[in-house]
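>>> what would the 3D arrangement of this be:
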Amino acid sequence: MAKYLLDTNFCISFLKGENNLDEQIKKVGFKNCCISEVTLAELKFKAECSEKTDENVQTVDEFAKAISVVPICNSLSTYATEKTRLTKAGNLIDDFDLLIGTTAIVHNLVLITANEKLLGRLSNIKIENWMKQ
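Purely as a prediction, here's the structure:
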């Protein structure tokens, strides 16, 4: 299984060819990277809303065929536990971000994201930010 779960913000920059992110992926190997079903949904939404809809939908579809997509179903209990804990502490995290983060936790993956501070609130999460390197 993959070792790295790519967050939506990373994928958007990667697909745009920004920040030499392809070099980061080459270092770890594309086969060691995956995305959450939530990230795929967000990428599809962004493509549909874009000015170059057809081109961007095709790009997302090709990316989705090339990368492993991790289901979120095994993460739902951890999601509920973390959402409860964070809600009680007054540290809310958007549901999609929370689902992506808990997917990384449950599958023992390193989450690649620029949202370190926000997602760092999750218990037992491993995060790297390849966008600032």
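>>> where along this structure do the strands fall?
Counting by DSSP state E, the segments of the chain that form strands are 4-6, 33-36, 68-70, 110-112, 126-128.
>>> elements contacting the first one?
Secondary-structure packing of strand 4-6 (3 or more CB pairs under 8 Å, 6 or more residues apart in numbering; DSSP states H and E): strand 33-36, helix 95-106, strand 110-112. Quick note: C-beta positions are derived from backbone N, CA and C, even for glycine.
>>> cool, and the last one?
Contact here means 3+ CB pairs under 8 Å, 6+ apart; on that basis strand 126-128 packs against strand 110-112.
>>> what's the strand it packs on in contact with?
The set of residues external to strand 110-112 that reach it, using CB atoms under 8 Å, 6 or more residues apart in numbering, is 3-7, 10, 33, 100-101, 104, 119, 125-130.
>>> and that strand, what's its mean pLDDT?
Computed over strand 110-112, the mean pLDDT rounds to 97.
>>> got it, and stretch 62-74?
96.
>>> residues touching Glu42, list them.
Each residue near Glu42 by CB under 8 Å, 6+ apart is listed here: 8, 96.
>>> scratch that, Leu86
Neighbour list for Leu86: 92-93, 98, 121-122 [criterion: CB under 8 Å, 6+ apart].
>>> same check on Ser36?
5, 69-70, 72, 99-100, 103-104.
>>> quick one: list the elements packing against the helix or strand of the chain with the lowest mean pLDDT.
Counting by mean pLDDT, DSSP states H and E, the weakest-scoring helix or strand in the chain turns out to be helix 21-28, with a mean of 91. Here helix 21-28 is seen to pack against helix 8-15 when contacts are counted using 3+ CB pairs under 8 Å, 6+ apart.
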